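>>> Below is the structure, and that's it, no one-letter string:
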Ligand code: NAD
């Protein structure tokens, strides 16, 4: 393993995103994965040995990475970020599905190290968010529905990205705040409602559509991730950007700016 650029530790190295991050890092010279852990044993990924995640605190102290990149689950993410904060290691968190208490725990860690969180590390989604905010503001009175589609192994629903898009819509349209998840039986649309739909099928990396419909005017804004590599690339861009910054909470839009 060459050791150049920002030194990155990857948690959940055996997961879909963890693997993708390690493989993407192997193709770039601004970051190097110097530590990878997983909760269960897995073979080396792109030439990087994967250690036992239970030993993360000791391994962070030993290998002293610059940034930890976490795509795992909410419980483990909070635990790993706390360990990183203890070791003085910055964190890029892509995990989604946190409870409010877990969000607070992540914010606490940001008091001692830089923590950058994003429900989606794709540049296309960043552009979609801006387009959705502008469209929602420009089309008062329109009905809005958010639909996301992901692979059949995704745990949380709706996706973290759908929740982010809902926040964006609500900021532009404060009259819409009632999330209706799917519809069944007699379920006419009511005022103030935003329909939210989560589809799970095959190995789809991630699709998000925001539908804005008025009378005889329909606008559909859609983003499709062609592969998980786009998220891995964005997370590594974030890691390279975050290294050496002051403690605090950061957003992916700051990286893109
Ligand atoms: P995955 O199921 O393929 O992998 C999850 C990994 O986390 C595995 O290595 C698993 O062992 C580990 N893990 C899960 N729960 C754990 C626990 N309690 N303790 C220890 N390890 C645990 O999932 P994935 O598709 O790689 O997605 C991981 C997370 O990243 C999800 O929250 C997903 O929504 C999110 N995600 C975010 C983005 C983004 O751009 N921000 C993109 C894709 C996925």
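Ah, there it is. Since we're looking at a predicted model, the values are computed, not measured.
>>> alpha carbons only for contacts and neighbour counts from here, please
Fine.
>>> show me the contacts for residue 112.
85, 88, 247, 248 (Cα atoms under 8 Å, 6 or more residues apart in numbering).
>>> residue ranges of the helices in the stretch 151-257 of the chain, please?
160-172, 229-242, 252-256 (DSSP state H, counting those that start in this stretch).
>>> still on that earlier bit, which of the contacts of residue 112 has the most neighbours?
The residue in the contacts of residue 112 with the most neighbours, by other Cα atoms under 10 Å, is residue 85 (24 neighbours).
>>> what pLDDT does it get?
Predicted confidence (pLDDT) for residue 85: 98.
>>> And it, which helix or strand is it part of?
helix 74-87 (DSSP states H and E).
>>> for residue 91, same thing?
With DSSP H and E as criterion, residue 91 is part of strand 90-93.
>>> Give me the helices and strands touching that strand, please.
Secondary-structure packing of strand 90-93 (3 or more Cα pairs under 8 Å, 6 or more residues apart in numbering; DSSP states H and E): strand 67-70, helix 74-87, strand 114-117, helix 229-242.
>>> Buried deepest among those, which one?
The highest mean neighbour count among the helices and strands packed on strand 90-93, using mean count of other Cα atoms under 10 Å, belongs to strand 67-70: a mean of 28.
>>> Mind checking what secondary structure residue 8 has?
Under the three-state scheme (DSSP: H, G, I helix; E, B strand; the rest coil), residue 8 adopts strand.
>>> For it, which residues are in contact?
Residue 8 sits next to 31, 32, 33, 34, 35, 65, 66, 67, 68, 69, 239 when contact means Cα under 8 Å, 6+ apart.
>>> I'd like to know which of the residues you listed is nearest to the ligand.
residue 69 (10.4 Å; Cα to the nearest ligand atom).
>>> can you pull the contacts of that closest one?
8, 9, 10, 11, 91, 92, 93, 94, 235, 239.
>>> neighbour-wise, which of the residues you listed leads?
Among the contacts of residue 69, the one with the most neighbours (other Cα under 10 Å) is residue 91, at 32 neighbours.
>>> That one pairs with what?
Under DSSP bridges, the beta-bridge partners of residue 91 are residue 68, residue 115.
>>> Surely it and residue 83 touch.
No - using Cα atoms under 8 Å, residue 91 is not in contact with residue 83; the gap is 10.3 Å.
>>> Throw the contacts of residue 8 into JSON lines and include distance to residue 140, thanks.
JSON lines is the format used below for those (distance: Cα to Cα, whole Å):
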{"residue": "31", "distance to residue 140": "45"}
{"residue": "32", "distance to residue 140": "48"}
{"residue": "33", "distance to residue 140": "47"}
{"residue": "34", "distance to residue 140": "50"}
{"residue": "35", "distance to residue 140": "50"}
{"residue": "65", "distance to residue 140": "48"}
{"residue": "66", "distance to residue 140": "46"}
{"residue": "67", "distance to residue 140": "43"}
{"residue": "68", "distance to residue 140": "42"}
{"residue": "69", "distance to residue 140": "40"}
{"residue": "239", "distance to residue 140": "38"}
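>>> Can you pick out the most distant pair from those residues?
Taking Cα to Cα as the measure, these span a maximum distance of 14.0 Å, between 35 and 239.
>>> related to what we said a few turns ago, can you put the helices and strands packed on strand 90-93 in TSV and add distance to the ligand?
Output for the helices and strands packed on strand 90-93, formatted as TSV (distance: least, Cα to the nearest ligand atom, whole Å):
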stretch	distance to the ligand
strand 67-70	8
helix 74-87	4
strand 114-117	8
helix 229-242	5
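>>> list the contacts for the most centrally placed residue in the chain?
Nearest to the mean C-alpha position of the chain, by Cα atoms, centre = their mean, lies residue 119 at 2.8 Å. Counting by Cα under 8 Å, 6+ apart, residue 119 touches 94, 95, 96, 160, 161, 164.
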